[in-house]
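> model this:
(4 chains)
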Protein chains: 2
Amino acid sequence: MIKAGTVISTDKKAEKIKVLLVEDHEATLKGLKMQLTEEPDLEVVGTATSKSAALKLAQEHAPHVILLDLHLPDSSGPKTLSETFCSLKSSRVLVFSGETRPAIMQIVMQAGVDGFLLKSEPLAKIAEAIRDVHHGRTPVISADLTRQNQPHLTSAERHLLTLLARGLKYQDIGAQRQTSPETVRKQVEALIDKLKLDGRESLIAWAVDSGFGKLESD
Amino acid sequence: MIKAGTVISTDKKAEKIKVLLVEDHEATLKGLKMQLTEEPDLEVVGTATSKSAALKLAQEHAPHVILLDLHLPDSSGPKTLSETFCSLKSSRVLVFSGETRPAIMQIVMQAGVDGFLLKSEPLAKIAEAIRDVHHGRTPVISADLTRQNQPHLTSAERHLLTLLARGLKYQDIGAQRQTSPETVRKQVEALIDKLKLDGRESLIAWAVDSGFGKLESD
DNA sequence: ACGCAAATACCCGGAATCGGGAATTACGTC
DNA sequence: GACGTAATTCCCGATTCCGGGTATTTGCGT
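Predicted structure coming up:
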């Protein structure tokens, strides 16, 4: 004979939030695991230090939340990595990275992740963020670094920056873009003005430093 | 009843290596502390998440080894930070960073640190590295990223790269260097050839990406 | 349809860069 | 001192970039 109450309490235990930790720094991984297993409502169902291992575990355990570091040894780029894990519709993805460059954060958010948490956040906030993401609450965005600085760049402008960051000339960019080199020059001029920089080389430096250049061209 | 072995182990306990952990990611800090307190011959005498707090603790406890992360909220640059802690002659400095850019690693090593450990290293190696550094053994250098790639850049070449990475023109560089712009151009040409790149803008991109540009000019 | 703003394209003169060649100086080796 | 090598400097023609001006097209709201 089974009491209703017992069933309910058993149910609650089964409702633990299943978390998968993906992080290539073992020290950080250990700290995360320690902290999260202390939380009564969370359950760490697995840990991985590479993309391939993480994917395997994700399909095996179907965790509610995947805590995902952006720099894995076998991952090509942040964008592709994010998209790969976001395509697992059974799990929500919470990025956990030290990456503070607005350009990268933008790309990752647009890839469809459910939250972005900086590694410098205090431990208490991590568990809280996992709960938030699991319950579908507003995407956690560590600090508000995404719009803090830059006056919002359009997709075209970001594309232009990635090409510039690779050292291409106006001619080459114009060719790739089916447009006149003169137009490219005007766009660059406008971009320099918008970012309050001085000269093309400064723009190149800014673009590379901001993380364009390793962005898979849309 | 007490065995002789127990006494001996107590004596050795007094010789524990005192370690100070400096790391602004709380998760990593927790993982490090957990792991290192498990080691019988190590003692974590303090932890800090900022440069100022770390300096205070270092002077207070005079730890044998300081495990130092390079990215602290109140630090200006890797070079200055390293030099500051290296000037504490009572402690050896073991850098623990995710920084893999050869240029940065070179600068930090030249600042006089006793070892460089990547955050991606397995946990077991961290304790071992601390012991190595404490006993004055060969500076730990994670992987051999310092000379792995680049054909060793001279001090002059590095200086040139930092100026290029800031978007300066040949004229400006020549002026700062008391030399003709033509000379600068030839040096850049040689550098492009040495690094197997193509064009000045590619070199600028490479320089910025490699971490020049934020290097305090020698 | 109309007007306005933005994007695109073209032109010009001046400056800088590029690729190559050549002369001069500096320095270490024998 | 003689020699070879590397670094520095200057020169040339061709390409590209810069700053500014102007015209044409596109897109959008009224």
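
> I'd like the distance between the residue in chain A that DNA strand D sits nearest to and DNA strand C.
Per C-beta to the nearest atom of the strand, residue A:200 is where chain A lies closest to DNA strand D, at 3.1 Å. All C-beta spots, glycine's among them, are computed from the backbone N, C-alpha and C. According to C-beta to the nearest atom of the strand, to the nearest Å, residue A:200 stands 10 Å off from DNA strand C.

> just residue A:115 next, same as before
Going from residue A:115 to DNA strand C by C-beta to the nearest atom of the strand gives 32 Å.

> Once you drop chain neighbours, what's closest to that residue?
Computed as C-beta to C-beta, 6 or more residues apart in numbering or on different chains, the closest residue to residue A:115 that is not its neighbour in sequence is residue A:140, at 3.6 Å.

> who are the neighbours in contact with the one you found?
Taking C-beta atoms under 8 Å, 6 or more residues apart in numbering or on different chains as the contact definition, residue A:140 lies against A:94, A:114-117, A:129, A:132-133.

> now do 6 Å
Applying C-beta atoms under 6 Å, 6 or more residues apart in numbering or on different chains to residue A:140 gives the contacts A:115, A:117, A:129, A:132.

> And it, how far from residue A:52?
Look at residue A:140 and residue A:52: by C-beta to C-beta, to the nearest Å, they are 26 Å apart.

> one step back: pop out the phi and psi values for the residue nearest to residue A:115.
Backbone geometry at residue A:140, expressed as degrees, to the nearest 10, gives phi -70, psi 130.

> ditto for residue A:17
Main-chain torsions, residue A:17, degrees, to the nearest 10: phi -80, psi 120.

> pLDDT score assigned to it?
On the pLDDT scale, residue A:17 is placed at 95.

> Could you chop chain A up by domain?
Listed by automatic domain parsing, the domain ranges of chain A are A:17-146, A:155-209.

> Compare the ones you listed and give me the one nearest residue B:24.
Judged by C-beta to C-beta, the one of the domains of chain A that comes nearest to residue B:24 is domain A:17-146, at 5.4 Å.

> any idea which residue sits dead centre in chain A?
Centroid-nearest residue in chain A: residue A:108, 4.0 Å away (criterion: C-alpha atoms, centre = their mean).

> Identify the residue nearest that residue in space, chain neighbours excluded?
Leaving out its chain neighbours, residue A:108 is closest to residue A:82 (C-beta to C-beta, 6+ apart), at 4.9 Å.

> per-residue confidence at the one you found?
Reading off the model, residue A:82 has pLDDT 96.

> List the contacts of it.
Per C-beta under 6 Å, 6+ apart, neighbours of residue A:82: A:108, A:111, A:113.

> now, which of those sits nearest residue B:215?
Closest approach between these and residue B:215, by C-beta to C-beta: residue A:108, at 28.0 Å.

> pretty sure the closest one is in contact with residue A:78, am I right?
Yes - counting by C-beta atoms under 6 Å, residue A:78 is a contact partner of residue A:108 at 5.4 Å.

> and the residue nearest to residue A:108, how far is that from residue B:36?
33 Å.

> Let's test this: name the helix or strand in chain A with the lowest mean pLDDT.
For chain A, the helix or strand with the lowest mean confidence is helix A:4-14, at a mean of 52 (criterion: mean pLDDT, DSSP states H and E).

> which is the next helix or strand following that one?
Following helix A:4-14 in sequence order, the next helix or strand is strand A:17-22 (DSSP states H and E).

> Mind jotting down where the strands sit in chain A?
Counting by DSSP state E, chain A has strands at residues A:17-22, A:42-48, A:65-68, A:92-97, A:115-118, A:140-141.

> what's the angle between the first one and strand A:42-48?
Here strand A:17-22 runs at an angle of 20 degrees relative to strand A:42-48 (axes from the mean of the first three to the mean of the last three C-alpha atoms, to 10 degrees).

> How far off centre is strand A:17-22?
In terms of C-alpha atoms, centre = their mean, to the nearest Å, the centre of strand A:17-22 is set 16 Å apart from its chain centre.

> Please see if that strand touches chain B.
No - with C-beta under 6 Å from any C-beta of the partner chain as the criterion, chain B is not reached by strand A:17-22; the gap is at least 10.1 Å.
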